[in-house]
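A predicted structure for the sequence below; I have some questions about it.
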Amino acid sequence: MPDDARDAAERESAFSHPPVDPDATAAYGDHPDQVVDFYAPRGGEESAPLVVVLHGGAWRAPYDRRHITPFADFLARRGFAVANVEYRRGGTIPAQGGTGPLAGRWPETFDDVAAALDAMPGLVREALPAADARRTVVTGHSAGGQLALWAAARHLLPADAPWFLDRPAPLRGVVALAPIADFTVAEKLNVCLGAARQLLGGEARFTERQPYADPALLLPTGIATTLVQGRNDAVVPQEVAEAYADAAAKAGEVVGLTLLEDVGHFPLIDPAADACAVVAEEIAQLAW
């Protein structure tokens with residue numbers, strides 16, 4: 001099957017599942033997008049690892065957390081407690097060049113992910129008692145994969161960054177799914193029509209802000225990290241994940257890279273796809 005046809009079929013399958021309502025929702029700020037949906041482990045476990053999910057969509061406004069709720073429910077049915085995070089994304093004003101809605105908000109997108117992760121232990125105590133925040137794995141798809149890697153690297157940010165932590169985040173690990181993990185390579189390949197450049201405020205601010213946002217420049221994290229990537233991904237090509245893994249190796253850190261044959265971008269979050277089961281297993285390897 002040609003890559004374009006494969007991508008269309010996989011996208012259709014992933015988005016064919018009806019949204020799954022959460023068991024609880026909690027706010028971590030005053031903005032309507034500063035909320036987290038919680039899914040209790042479906043087996044009735046008294047204590048389960050917490051999986052924090054950061055959705056993709058090129059950091060653009062039309063793509064919110066609802067499209068990844070079937071994946072969150074899939075993980076809950078695998079015995080995890082799940083927190084599906086919403087965050088502020090780009091506005092509705094088209095980007096220059098007619099490439100659709102602008103990607104991301106600087107600094108609000110990063111403000112929100114940092115605030116949500118910092119608030120998470122307190123939120124789960126109230127909203128999801130079955131969640132064991134001491135066993136937290138962060139996962140994210142595409143743009144959300146970048147945010148997941150970034151969330152685990154805040155102790156490596158420049159000291160003047162408002163999101164800087166003076167010690168590594170208390171995470172069991174990160175499982176990044178087809179992540180936009182290396183901004184230089186992503187821009188070279190024009191991933192999501194220049195989304196990384198837009199996220200950082202355009203060409204004029206890209207180089208200045210890259211050290212504050214690009215996961216490939218924030219290494220080694222010291223936190224167990226696995227990337228899961230389809231070899232036939234036409235949205236975020238495998239070269240992006242490979243560049244991150246190479247950068248980690250040069251920094252003295254071993255990052256897992258699971259490459260899936262005959263898999264594109266969307267099966268990683270599609271409960272009907274075999275690739276989704278692989279993702280759950282990778283999360284389990286770090287969580288338990």
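Now that the structure is in, tell me what you want to look at. Residues are numbered from 1 along each chain as shown.

How far away from the center of its chain is the lengthiest strand in the chain?
The longest strand of the chain (DSSP state E) is strand 131-141. How far strand 131-141 lies from its chain's middle: 12 Å, per Cα atoms, centre = their mean, to the nearest Å.

Rounded mean pLDDT for it, please.
Summarised as a single mean, pLDDT over strand 131-141 is 97.

strand partners of that strand, parallel vs antiparallel please.
Strand pairing for strand 131-141, determined by DSSP bridges: strand 48-54 (parallel), strand 173-177 (parallel).

Of those strands, flag the one that's most buried.
strand 173-177 (a mean of 29; mean count of other Cβ atoms under 10 Å). Bear in mind the C-beta positions are built from the backbone N, C-alpha and C, glycine included.

For that one, give the mean pLDDT please.
Mean pLDDT, computed over strand 173-177, is 99.

Output it as PDB, nothing but the C-alphas.
The C-alpha coordinates for strand 173-177 follow below in PDB (Å, rounded to 0.1, in the frame of the first residue of the first chain):
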ATOM      1  CA  GLY A 173      10.200   6.700  32.700                       C
ATOM      2  CA  VAL A 174       9.000   8.100  29.400                       C
ATOM      3  CA  VAL A 175       7.500   6.300  26.400                       C
ATOM      4  CA  ALA A 176       7.400   8.700  23.500                       C
ATOM      5  CA  LEU A 177       5.300   7.700  20.500                       C
END
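
Can you list the buried residues in stretch 264-282?
By neighbour count on 16 or more other Cβ atoms under 10 Å, the buried set for stretch 264-282 is 264-271, 273, 275-276, 278-280, 282.

Just the ones in helices from the residues you listed, please.
The helices, defined by DSSP state H, take in 275-276, 278-280, 282 from the buried residues of stretch 264-282.

Could I get these in CSV, plus columns for pLDDT?
Shown next, in CSV, are these (pLDDT from 0 to 100):
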residue, pLDDT
Ala275, 98
Cys276, 98
Val278, 98
Val279, 98
Ala280, 98
Glu282, 98
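
can you put these in TSV and add distance to Leu123?
TSV is the format used below for those (distance: Cβ to Cβ, whole Å):
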residue	distance to Leu123
Ala275	30
Cys276	26
Val278	29
Val279	24
Ala280	23
Glu282	25
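
Which residues does the closest residue to Gln198 other than its chain neighbours form beta bridges with?
Once flanking residues are discounted, Gln198 sits nearest to Ala103: 3.9 Å by Cβ to Cβ, 6 or more residues apart in numbering. Beta-bridge partners of Ala103, counted by DSSP bridges, are Arg60.

contacting residues around Ala103?
Shown in contact with Ala103 (Cβ atoms under 8 Å, 6 or more residues apart in numbering): 58-60, 89-90, 95, 143, 192, 194-196, 198-199.

and Trp163, how far is that from Val278?
31 Å (Cβ to Cβ, to the nearest Å).

residue boundaries of the strands in the protein?
24-27, 35-39, 48-54, 81-85, 131-141, 173-177, 225-230, 256-260.

what's the angle from the third one to strand 81-85?
Going by axes from the mean of the first three to the mean of the last three Cα atoms, to 10 degrees, strand 48-54 is angled at 20 degrees with respect to strand 81-85.

Equivalent analysis for the longest one, please.
With the same axes, to 10 degrees defining the directions, strand 131-141 sits at 50 degrees from strand 81-85.

Just the C-alphas of strand 131-141, formatted as CSV.
C-alpha atoms of strand 131-141 as CSV (Å, rounded to 0.1, in the frame of the first residue of the first chain):
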residue,chain,number,x,y,z
ALA,A,131,-3.2,5.9,41.1
ASP,A,132,0.2,5.4,42.6
ALA,A,133,2.0,8.6,41.7
ARG,A,134,5.3,7.1,42.8
ARG,A,135,5.1,4.9,39.7
THR,A,136,4.5,7.5,37.1
VAL,A,137,5.3,7.0,33.4
VAL,A,138,4.7,9.9,30.9
THR,A,139,3.7,9.0,27.4
GLY,A,140,2.8,11.2,24.5
HIS,A,141,2.1,11.0,20.8
